[in-house]
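Trainee: how would this look folded up:
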Amino acid sequence: QVQLVESGGGLVQAGDSLRLSCTASGRAFINSWTMGWCRQGPGKEREFVAEVTWSGQSTYASDSVKGRFTITRDKAKNTLILQMSSLEPEDTAVYYCATQRVGGPGEYKYWGQGTQVTVSS
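Mentor: Next up, the predicted model:
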């Protein structure tokens, strides 16, 4: 059983920054898995945001957030971080933490419940 718990969402204004956290628990080898963030905006399909490899040394981000969002992981604390800056109203979405790749970017086996991020203009 793997549990992923997101936190840090909220209501911010355009241009602001926000830091999302995800704490993972449940299986000893979770640290060997890629971890990532996806989001689903109102009326939109879920989309890949960013991910980081098990080592934490390689990261990948979608073009829509590249240069604004930074993904990191703290393996000692089993925590995944998404630092978001220069937020835009288009970033409004429920953000999901996920782990264990089962396909391409955004395709994971385990998912958190999500945290709402709302960016006002």
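Trainee: sheet-wise, list the partners of the worst-scoring helix or strand of the chain on mean pLDDT with their directions.
Mentor: The weakest-scoring helix or strand in the chain, judged by mean pLDDT, DSSP states H and E, is strand 59-61 (a mean of 93). Applying DSSP bridges to the sheet, strand 59-61 is found paired with strand 47-52 (antiparallel).
Trainee: next, the buried residues of stretch 103-110.
Mentor: 105-106, 108, 110 (16 or more other Cβ atoms under 10 Å). From N, CA and C alone the C-beta is placed, and that goes for glycine too.
Trainee: actually, stretch 3-10.
Mentor: By 16+ other Cβ under 10 Å, the buried positions in stretch 3-10 come out as 4, 6, 8-9.
Trainee: next: stretch 8-28.
Mentor: Under 16+ other Cβ under 10 Å, the buried positions of stretch 8-28 are 8-9, 12, 18, 20-24.
Trainee: can you count the residues close to Gln1?
Mentor: Neighbour count of Gln1, defined by other Cβ atoms under 10 Å: 6.
Trainee: show the contacting residues for the nearest residue to it once chain neighbours are set aside.
Mentor: Using Cβ to Cβ, 6 or more residues apart in numbering and skipping residues adjacent in sequence, the residue nearest Gln1 is Gly26, 4.8 Å away. With contact set as Cβ atoms under 8 Å, 6 or more residues apart in numbering, Gly26 has these partners: 1-3.
Trainee: that older thread, got a markdown table for the buried residues of stretch 8-28, with distance to Ile71, pLDDT and secondary structure too?
Mentor: As requested, these are arranged in a markdown table below (distance: Cβ to Cβ, whole Å; pLDDT from 0 to 100; DSSP: H, G, I helix; E, B strand; the rest coil):
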| residue | distance to Ile71 | pLDDT | secondary structure |
| --- | --- | --- | --- |
| Gly8 | 13 | 97 | coil |
| Gly9 | 16 | 97 | coil |
| Val12 | 19 | 98 | strand |
| Leu18 | 13 | 98 | strand |
| Leu20 | 10 | 98 | strand |
| Ser21 | 11 | 98 | strand |
| Cys22 | 10 | 97 | strand |
| Thr23 | 15 | 95 | strand |
| Ala24 | 14 | 93 | strand |
